[in-house]
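Undergrad: Coordinates for the following, if possible.
(chains A and B, ligands or ions: 3)
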Amino acid sequence: MSDTIHIHPGQVGHEVAHDDHHHGHHEQSFVTKYIFSQDHKTIGKQFLVTGIIWAIVGGLFSVLFRLQLGFPGQTFPILETVFGKWAEGGVIKAEFYYALITMHGTVLVFFVLTAGLSGTFANLLIPLQVGARDMASPFLNMLSYWFFFLASIVMISSLFLHTGPAAGGWTVYPPLSALGQASIGSRLGMDFWIVSMALFVVSALLGGLNYIATILNMRTKGMSMTRLPLTIWALFFTAVLGVLSFPVLFSGLILLLFDRNLGTSFYLSDIVVNGEILNNEGGSAILFQHLFWFLGHPEVYIILLPAMGMVSEILSVNSRKPIFGYMAMLGSLFAIAILAFLVWAHHMFVTGLNPFLGSIFVLLTLLIAVPSAIKVFNWLTTLWRGNIRLTPATLFAIGFVSLFISGGLTGIFLGNSTIDIHLHDTMFVVAHFHIVMGVASMFGMFAGIYHWFPKMFGRYLNSTLGYIHFWVTIVGAYLIFWPMHYEGLAGMPRRYLDKSSWASFSQFGDLDKMITIVSIIVFAVQLMFVFNFFYSIFKGRKVTSTNPWGANTLEWTTPINPGHGNWEGEIPEVHRWAYDYGKDGREFIPQTEPVGANESKH
Amino acid sequence: MQTVFIVAILLLGFLITFQIAKASEYVAVLRGEEKAKKQTNKVNAFLLLAFLILGLIGVYYCNETLKGKILGEAASNHGKHIDTMLQITLVLTGIVFVITQVALFWFAYKYQQSDDRKAYYYPHNNKLEVIWTVIPAIALTVLVGFGIFYWFKITGDAPKDAMEVEIIGSQFKWEFRYPGHDGPGGKGVFGKKYFKNITGDNPLGQIWDDPANRDDVYVTGEPMHLVVNKPVRLVINSKDVIHDVGLVHFRMKMDAVPGTPTTMWFTPTKTSKQMAQELGKANFVYEISCDQMCGKGHTGMRGEVIVETQEQFDAWMATKQPLYDKLFVNKPAVTDSTHTPDSTAKSVTAVLLKK
Ligand code: HEM
Ligand SMILES: [Cu+2]
Ligand SMILES: [Cu+2]
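TA: Ligands and ions are numbered 1, 2, ... in the order given. Below is the predicted model of the structure:
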């Protein structure tokens, strides 16, 4: 990928809205090319590599706390060697356990599945698939990555604080997160967490605004909105969700920072902690939850939509068939994006929420299952009577659909407040969101990586390793999370590190052991994928044709290793939608091909 | 040592896998890529089918193994509604689950790439799409209907004759207060509290000026006692961070929020003894679990409930003395006799603080 093709200023089309092509050719230094690069493709790769590193860290945390859950009380001397006082005698301390789960959640939700997923694929695919030479503002785009990088540095530093990182769960509910007296994880580590997340929000906003501006303004000639591939639509709604909801989280966190450090009482009232009577009166702890979930619920769709978009594209390309019901897919994305803002209180059914309000949220929550169902049916119909190439990407896309079905259906249990009284804050919720969001979106991301790796690096990933990766991961994911629902049905609360003192929850010891062992295996296989990733960047089989999958979209009209600016000559013009597969007996018809005189209509 | 061993095995396994993977790539090139691709396509299509079948068997097996470990019949009126709702949802979603998963993996298997198949150009079908918008919408409306019906029953007002118990969470324990009998019709009324009054002797911060506090019974370090078949309304509080009163056997749950009291009511329908018999567990206890992450002792924030007959309850209550009496009436140590508890709350706390 180093021998990129450079743009020659003379050939650059008038679509270039920015002027960096003047200095963007030939003598680019290493720094401007790989570090402070403004090329959307490089920025996408930066997001991806950072995301992968974070995924290893976050995944490792989960292995550690699963050790505690699977083998409570057992000693692992190596833990003391590595973590010192946090694992005295080789047993994970409660404070450390909570720090681990908090970091695991934060890192995977925000750093991996938001920045790593949207950051990678929005950057890579938006300009390439809408037919633009770069983002609307390559400079802000670069800043977006570097704010993410700063956020990462701050979060990493918090791991090394004397009092440890934040430990109040990824949802950081105050008063716990506001009071250093209540938990050592709420001391300096919590301030670091807030600062890091504030930087993260800045990054998300810079990125999101850029994605929206690019999609709206920089489409190539002929690329009307309804000709956009569904990936782009999904990334568009993702960006809109982020831009509208992240600021709410930001304000919520700033108020929390004030409560922590300036003596304000936004979230605090009537508190006696460790025998100390605090002066705060009149605040509402529940207010924070409203602010948090006003982002939090859209956030889960911020994580999911890009995966949905990529899966739609990959299933269509590899079934050699158009995506079924393009307009319905688009409509359901739109409905999901709207409804995502109107369901947040379903995380708060048992906080003392007014029951009437609760019932409205039940209605809206179950409403969101309708567009979800439409999407599933349309994916199924896309496969129906296709001619399916089971590449690793296709398998991960199929796995995504399977997981989305499983996890979406358990959402219907939780969305019904009556049932949620019993299931709220149990392992059932943990199983639900890991399947539907965690693992499913990971599958979407893997699908995307396997599918677009040739575009990113001009080489293929090793597909045998890819198949092993897929099969171990999907079997493992179900083994881990499916039986976990039963723990939740038994009422086992989440965030318990040792159930042995409980009469009602201690009956799942063997299950917890099994889950731990499987998670270690699955984690090991992810490391194998990471190895495959980095190995293939340098040693993978070379791509020899510009369009290895026989796909219609514009990214495959660029050279194998496109330079900054993407197309060597004029940006191609678009004449049709992205899904003419198998039409009139032709396997695929690229978007750039004019509609023939006697081509059939659809 | 063990860890090193495991890591070594993983590494070795990994190396072998990697070599095989690399070799298979070369072999593919040698044998002709097209042919190799077809081969892997077949293998994976078969695996998808196998995964479907084994997966469905696994789902069944998992259910058989684990269903005995979930809690058995609910022990409260609301709990029965919740279990019914769970079952309705389980059946409906179960049907959808099987149909869609079978379709997904079957299609992937059946329509695997083959030379004699042409993909069918099928971009949309409005009628189909309307059908599968309307059917889920109807199914969900039914679920919402049932759900909200029960929800209002459960969250509606408690019956007039309900007994009341206050439950207060703090890191990492539960405390209880019973209101005595000082209200109209012998029903108890809770005296007022103010958090700044909290001291070692007055753990809830009761305001002693409020006469309603005189017969309030404070209980901690032992189970909460409830009466079978008598509705109970819990008034839920927290002193420090958010906790949650989780009562699995009753299927009930409500957050304990500092500064904002919450309530929930239900009717326990089985005594602890009955449960022990039905479940065949002599040492059965109803447990109160804290369901909201509250700090390092969250896991151990355990309480117990005893459900018993009215007589047993009365006998237990008779052994209790209101906190007020303990502090001021039956405690001869109060030297300043002019200082009756009727003075302002502040001065009382001052007295208490001086001691
Ligand atoms: C059919 C659609 C869905 C419904 C009805 C639904 C419903 C719910 C409800 C009611 C809760 C709160 C449960 C509780 O805390 O007691 C919940 C939790 C959650 N859901 Fe879903 N959900 C659906 C789909 C999704 C999707 C698609 C995602 C992610 C992409 C998702 C991610 C989450 C997460 C992350 C949580 C837990 C957050 C936490 O407490 O840490 N859900 N879901
Ligand atoms: Cu939600
Ligand atoms: Cu707790």
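
Undergrad: the helices in the stretch 101-250 of chain B, which residues?
TA: B:126-155 (DSSP state H, counting those that start in this stretch).

Undergrad: Quickly find the element holding the residue of the stretch 351-500 of chain A found nearest ligand 1.
TA: Residue nearest to ligand 1 within the stretch 351-500 of chain A (Cβ to the nearest ligand atom): A:Gly411, separated by 2.5 Å. Every residue, glycine included, has its C-beta placed from N, CA and C. Assigned by DSSP states H and E, A:Gly411 belongs to helix A:392-415.

Undergrad: what about that helix and chain B, any contact?
TA: Yes - counting by Cβ under 8 Å from any Cβ of the partner chain, chain B is contacted by helix A:392-415 at A:395, A:398, A:401-402, A:405-406, A:409-410, A:412-413.

Undergrad: how many other residues sit next to A:Ala136?
TA: Residues contacting A:Ala136 under the criterion other Cβ atoms under 10 Å in any protein chain shown number 21.

Undergrad: Give me the distance between it and ligand 1.
TA: Separation of A:Ala136 from ligand 1 (Cβ to the nearest ligand atom, to the nearest Å): 28 Å.

Undergrad: what's that residue in contact with, if anything?
TA: Neighbouring residues of A:Ala136 by Cβ atoms under 8 Å, 6 or more residues apart in numbering or on different chains: A:17, A:210, A:213-214, A:217-218.

Undergrad: so which of those would you say is closest to A:His424?
TA: A:Asn210 (37.7 Å; Cβ to Cβ).

Undergrad: how about the helix or strand hosting that closest one: buried residues?
TA: A:Asn210 is part of helix A:188-217 when elements are defined by DSSP H and E. Buried residues in helix A:188-217, defined by neighbour count with 16 or more other Cβ atoms under 10 Å in any protein chain shown: A:188-215.

Undergrad: Can you give me the neighbour number for the closest residue to A:Leu291 other than its chain neighbours?
TA: Spatially, and ignoring its direct neighbours in sequence, A:Leu291 is nearest to A:Gly252 (3.2 Å; Cβ to Cβ, 6 or more residues apart in numbering or on different chains). If you count neighbours by other Cβ under 10 Å, A:Gly252 ends up with 24.

Undergrad: how about the one helix or strand A:Gly252 maps to: buried residues?
TA: According to DSSP H and E, A:Gly252 maps onto helix A:230-261. If you call a residue buried by 16+ other Cβ under 10 Å, then helix A:230-261 has these buried ones: A:230-246, A:248-250, A:252-253, A:255-257, A:259-260.

Undergrad: Tell me if stretch B:130-139 is near ligand 1.
TA: No - using Cβ under 6 Å from any ligand atom, stretch B:130-139 stays clear of ligand 1, with a minimum separation of 9.9 Å.

Undergrad: Can you pull out the residues in contact with that stretch?
TA: Contacts with stretch B:130-139, where a contact means Cβ under 8 Å, 6+ apart, come from A:328, A:369-370, A:373-374, A:377, B:92, B:96.

Undergrad: Now the two most distant members of these.
TA: Greatest spatial distance among these (Cβ to Cβ): A:Ala328 and B:Leu92, at 22.7 Å.

Undergrad: can you confirm A:Trp502 is in a helix?
TA: No - assessed with DSSP: H, G, I helix; E, B strand; the rest coil, A:Trp502 is coil; it does not lie in a helix.

Undergrad: What count of nearby residues applies to residue 40?
TA: Picking chain A for this. 26.

Undergrad: I was after chain B.
TA: As a burial measure, B:Thr40 scores 17 neighbours (other Cβ under 10 Å).

Undergrad: Touching, it and A:Tyr467? I think so.
TA: Yes - counting by Cβ atoms under 8 Å, B:Thr40 touches A:Tyr467, with 7.0 Å between them.

Undergrad: Show the contacting residues for A:Tyr301.
TA: A:Tyr301 makes contact with A:237-238, A:241, A:336-337, A:340, according to Cβ under 8 Å, 6+ apart.

Undergrad: Find the residue at the geometric middle of the chain.
TA: I'll assume chain A. Centroid-nearest residue in chain A: A:Leu113, 2.1 Å away (criterion: Cα atoms, centre = their mean).

Undergrad: oops, chain B please
TA: Note: chain B centre (Cα atoms, centre = their mean) maps to B:Gly246, 5.3 Å.
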